[in-house]
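*Asks:* Using only what follows, build the 3D model:
(chains A and B)
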Amino acid sequence: MKNASILMIIGSVLVLGLFIFPMWNIRLGAPQYPDPLGIDIYINGLKGQNEFDLQNIDGLNHYIGMKTLPKPEDMWEFTVFPIVAVIMSVLGIGIGLLGLYKKASPNWFLVWFILMSVLGVLGVYDFNLWLVDYGTDLDPNAIMKLVNPDGTPMKYNPPLFGHKKLLNFDAYSYPRTGGILLWIGMMCTLAAFWMGKRSTKPENH
Amino acid sequence: MKTTTLNIAAVLVGSMLIVSCGNLGDSQRNGALNSSIAEKVYVAPGERDEQYGFLSGGYSGNLTVYGLPTGRMFKEIPVFSQFPTSGYGYSEETKPMLNTSFGFVPWDDLHHPDISQTNGELDGRWIFANGNNTPRIARINLSTFETEEIIEVPNSAGNHSSSFITENTEYVVAGTRFAVPVPQRDMPINEYKGNFKGALTFISVEPEHGHLDIKFQLLMPGFNYDLSHPGRDKSHGWFFFSTYNTEEASTLLEVNASQNDKDFIAAVNWKKIEEFVNNGGGTTVPTKYAHNVYDEATHMATSTIKTEVLTVDPSDVPGAVYLLPTPKSPHGCDVDPTGQYIIGSGKLSADLTVHSFDKMLTAIEQEKFDGEAYGIPILKFEDVMAGQVKSGGLGPLHTEFDGRGNAYTTFFISSEVVKWKLGTWEVVDRQPTFYSVGHLMIPGGNSRKPHGKYLVAMNKITKDRYLPTGPEMEHSAQIYDISGEKMQLLYDFPTHGEPHYAAGCDAELLVENSKKIYRLDENKHPYGINNPSEAKVERNGKDVHVYMSTIRSHFTPDNIEGIKVGDKVYFHITNHEQDFDVPHGFAMIGQGTSEILVMPGQTKTSLWEPKAVGVWPFYCTDFCSALHQEMQGYVRVSPANANVELSWSVGD
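*Replies:* Numbering: from 1, shown residues only, chains lettered A, B, ... in the order given. Take a look at the predicted model:
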């Protein structure tokens, strides 16, 4: 149970990686952009992968009538998500400490994991809503109004995960260090539950 | 069975080919060999060249940047000439760059670029170049590839033995080609002899920013100073100048300056003179020269006229200057990478004369002099000469080195490059050039560590090398692979203007430092604006200042009213892009100046003086984006006495 609790604490601490590293990244490459433009998505806002990338993406997007990329104050998520992440991390560390002093059963680890998973799925769902809105809610007076072969307006939302072709751009969307650490952290807590469960079985005493 | 027969046939044909290849001599190179040459200069699409070459543009007044080995031209850097492509010398910010004591001189003859060095190796910070006609030295920044500073050289005329730098970039040196009265005065030309002076100017380079300042001028006898090179390594502290017209003729020089069997290479111990002037030596004399500095933060140049210069009479500093007799009007005066050998190319002779630095020091120590000229000791030819290269060529001009003990000399009259060995003076190889080669360049050749892989020969005569373009054509250059024992001609390419000289370096030295944009948050231009919302128009009497923004794909403002005939309208254009390679241009109909090209983050000013009422258009001259064609606007010009209010707008 001791090792399991330590693992639970480590897993919960890894959530805080979101405050140091970007959790997700969207990259846009085109022949005339041999150095692709990139957006690093942090838990508390967007940052250009290179210093002026956000400005340059906005500059390109204005042709097709996309809104400018959101500043932290433009989206409640950039305020609420950090709070949720801190609460979850502290909660996880707390449960881990209680586990260490045998005051909490490993089931609490699983409760934490499930809660975190639900929140994660909600976060990804919300992220996707934003992507769709960003890519489809276009200025009716846009300079270029492009339609699909079936006559419907073209959508420019980058993929949630993986690659998508957007006009002359190849868009790539993948997790970054912060997101990967979060995932590893969550796996740690799941492993902690499993280890804890094994060590607390009566025959192991 | 059939395939077996075919295979046997193929083997037979193949072996016959091998045999016939073996039978061909060196002189009969066939297609297979040619294709291996092609591979040496082939840089696949998207790949980049190994080295940079900076070729002087001669009478174009500019410096051209090439890639080696392909000979592809990347950029023409405006230095001494107005350049409509970017607006250099036309924009309000850069006009002061071409100011001189003679006023605005929009052109010069750029001759000898030289890259800055630290400890005798290229450091890639700046490249210096000389204006030959109205004596000037320029410093070009190698992170922006833009001219940042130009200093005029007073008491000089035909600034030819320039702009060579010492091995820690302590000085950029400028010697005069013409001897002239110093100071200039009204006097008979035929009283030249003994009265005219030849100024050798040592311009200090401030180590951090590269700012130029004339430290001293050495007023030498009235010879003509042709070329020069710094001592390096063991001979660091000395500078060597070739001379011609030691006869001091003022007319028909082709005959009268070719009479002496030997002219001189002047050896100048500049460290000694530096010490002399640091201790208060020398005479400050009144003069007038311009010093023009471009500030990257304000994107503006300022010109200052300076009014005095420190001169030094060589006879006041004993032991600082010696004359080394060198046959037949030497042109090139080149120092090998070790600093031991000084090669004089007597251009009217077949042979090269090599002086030994060590022998020179010994002769000086033993005071073995062969008379003097105007108080300057002349050393004995035999005492300083290390050897002569019996070249078999005609008209030697310029020598560079590969760092492996070999030297390469151009021969103008016999149109060839001759490779020879330092120390044994034996000729190893010779290759023709097309035609009448002037100078050659081995990247890093003028340093302790040449990068001896390629050699570029710059020719004076083109004739039939390319498709004809009428009587006037660009010059031709050849690139040779010099990595082997024999030189191999790889490629032939036209060059822009008249390259007199060149400098080159490995690509890595510059690639990482090359700027992509100017940062808007570092833009200190007094008429720059931080974002398009600050755009405005201000009237101050007849002067109207338009604070204009450009970003894909519109001007802010793009409609301006209230301008009157007789106004001076200054369009201060700030490019608000911060993306690599997105310049915007600006041009106004009927404008008596050039367009301007504004780089991301930069502010440039274009002056327009409207002459007639009407509604006059302007547009972006650079194909900046898909909506480039829409990037345009109007200025309404009203009569001088009209009451139209000043107004501006975009998108209303």
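
*Asks:* Could you list the residues of the stretch 251-400 of chain B in contact with chain A?
*Replies:* Nowhere does the stretch 251-400 of chain B come near chain A, counting by CB under 8 Å from any CB of the partner chain. Glycine gets a C-beta too; all of them are placed from N, C-alpha and C.

*Asks:* Equivalent analysis for chain B, please.
*Replies:* For chain B, the contact set with chain A under CB under 8 Å from any CB comprises B:Ile517, B:Ile551, B:Arg552, B:Glu577, B:Gln578, B:Asp579, B:Phe580, B:Ala626, B:Leu627.

*Asks:* Hmm, B:Ser625 and the third one touching each other?
*Replies:* So the one you mean is B:Arg552. Yes. Using CB atoms under 8 Å, B:Arg552 is in contact with B:Ser625, at 4.2 Å.

*Asks:* Whichever strand in chain A runs longest packs against which elements?
*Replies:* When chain A is parsed with DSSP state E, its longest strand is strand A:33-42. If contacts are counted by 3 or more CB pairs under 8 Å, 6 or more residues apart in numbering or on different chains; DSSP states H and E, strand A:33-42 sits against strand A:24-30, strand A:45-48, helix A:53-61.

*Asks:* sorry, back to before: hmm, which of the residues of chain B next to chain A are the buried ones?
*Replies:* B:Ile517, B:Ile551, B:Arg552, B:Glu577, B:Gln578, B:Asp579 (16 or more other CB atoms under 10 Å in any protein chain shown).

*Asks:* Give the full set of residues in contact with the fifth one.
*Replies:* Residues counted as contacts of B:Gln578 (CB atoms under 8 Å, 6 or more residues apart in numbering or on different chains) are A:Glu51, A:Phe52, A:Gln55, A:Asn56, B:Ile517, B:Arg519, B:Leu520, B:Pro600, B:Gly601.

*Asks:* Could you find the closest non-adjacent residue to residue 40?
*Replies:* The chain I'm using is chain A. Closest residue to A:Asp40 apart from its sequence neighbours, by CB to CB, 6 or more residues apart in numbering or on different chains: A:Pro22 at 3.7 Å.

*Asks:* That was the other one, I meant chain B.
*Replies:* The shortest distance from B:Lys40 to any non-neighbouring residue, by CB to CB, 6+ apart, is to B:Leu490 (5.4 Å).

*Asks:* Got the confidence number for the residue in the stretch 501-650 of chain B that chain A sits nearest to?
*Replies:* Chain A sits closest to B:Gln578 of the stretch 501-650 of chain B, with a gap of 3.9 Å, by CB to the nearest CB. Note on B:Gln578: pLDDT of 96.

*Asks:* Name the SS class of B:Thr147, please.
*Replies:* With DSSP: H, G, I helix; E, B strand; the rest coil as the basis, B:Thr147 sits in strand.

*Asks:* thought A:Asn3 was touching A:Met195?
*Replies:* Yes. Assessed by CB under 8 Å, A:Asn3 is found in contact with A:Met195 at 6.1 Å.

*Asks:* Which residue of those two possesses the greater neighbour count?
*Replies:* The neighbour count for A:Asn3 versus A:Met195, taken as other CB atoms under 10 Å in any protein chain shown, is higher for A:Met195 (20 against 13).

*Asks:* Which residues are in contact with that one?
*Replies:* Taking CB under 8 Å, 6+ apart, we find A:Met195 in contact with A:Asn3, A:Ala4, A:Leu7, A:Pro106.

*Asks:* Angles on the backbone of the last one, please.
*Replies:* So the one you mean is A:Pro106. phi -60, psi -20 (degrees, to the nearest 10).

*Asks:* Relative to chain B, how far out is the residue nearest to it when sequence neighbours are not counted?
*Replies:* Sequence neighbours aside, A:Gly196 is the residue nearest to A:Pro106 in space, at 2.9 Å (criterion: CB to CB, 6+ apart). Counting by CB to the nearest CB, to the nearest Å, the separation of A:Gly196 from chain B is 52 Å.

*Asks:* now B:Lys419, what's its secondary structure?
*Replies:* Three-state call for B:Lys419 (three-state DSSP): strand.

*Asks:* can you pull up the bridge partners for it?
*Replies:* Note on B:Lys419: beta-bridge partners B:Tyr408, B:Asp429, judged by DSSP bridges.

*Asks:* go on, B:Phe164?
*Replies:* Counting by DSSP bridges, B:Phe164 is bridged to B:Val173.

*Asks:* quick revisit: out of the contacts of B:Gln578, grab the one that's most surrounded.
*Replies:* B:Pro600 (25 neighbours).

*Asks:* Surely that one is in contact with B:Arg552?
*Replies:* No. Under the criterion of CB under 8 Å, B:Pro600 makes no contact with B:Arg552, lying 10.7 Å away.

*Asks:* Find residues that contact each of these two.
*Replies:* Common contacts of B:Pro600 and B:Arg552 (CB under 8 Å, 6+ apart): B:Glu577, B:Val582.

*Asks:* Just the endpoints, please. Distance across stretch B:637-652?
*Replies:* 19 Å (CA to CA, to the nearest Å).

*Asks:* What residues of that stretch count as buried?
*Replies:* Buried residues in stretch B:637-652, counted by 16+ other CB under 10 Å: B:Val637, B:Ser638, B:Trp648, B:Val650.

*Asks:* Check the secondary structure at the third one for me.
*Replies:* The one in question is B:Trp648. What three-state DSSP gives for B:Trp648 is strand.

*Asks:* Just grab the bridge partners of it for me.
*Replies:* Beta-bridge pairing for B:Trp648 (DSSP bridges): B:Ile560.

*Asks:* B:Pro532 is in contact with that one, correct?
*Replies:* No. With contact defined as CB under 8 Å, B:Trp648 does not reach B:Pro532; the gap is 11.9 Å.

*Asks:* How about the contacts made by whichever residue of chain A sits closest to chain B?
*Replies:* Proximity of chain A to chain B (CB to the nearest CB) peaks at A:Phe52, 3.9 Å away. Taking CB under 8 Å, 6+ apart as the criterion, A:Phe52 is in contact with B:Ile517, B:Gln578, B:Asp579.

*Asks:* before we move on, back to that, could you export the residues of chain B next to chain A as a markdown table, including secondary structure?
*Replies:* Shown next, in a markdown table, are these (three-state DSSP):
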| residue | secondary structure |
| --- | --- |
| B:Ile517 | coil |
| B:Ile551 | strand |
| B:Arg552 | coil |
| B:Glu577 | coil |
| B:Gln578 | coil |
| B:Asp579 | coil |
| B:Phe580 | coil |
| B:Ala626 | coil |
| B:Leu627 | coil |
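
*Asks:* what about B:Gly339, distance to A:Gly185?
*Replies:* 64 Å (CB to CB, to the nearest Å).
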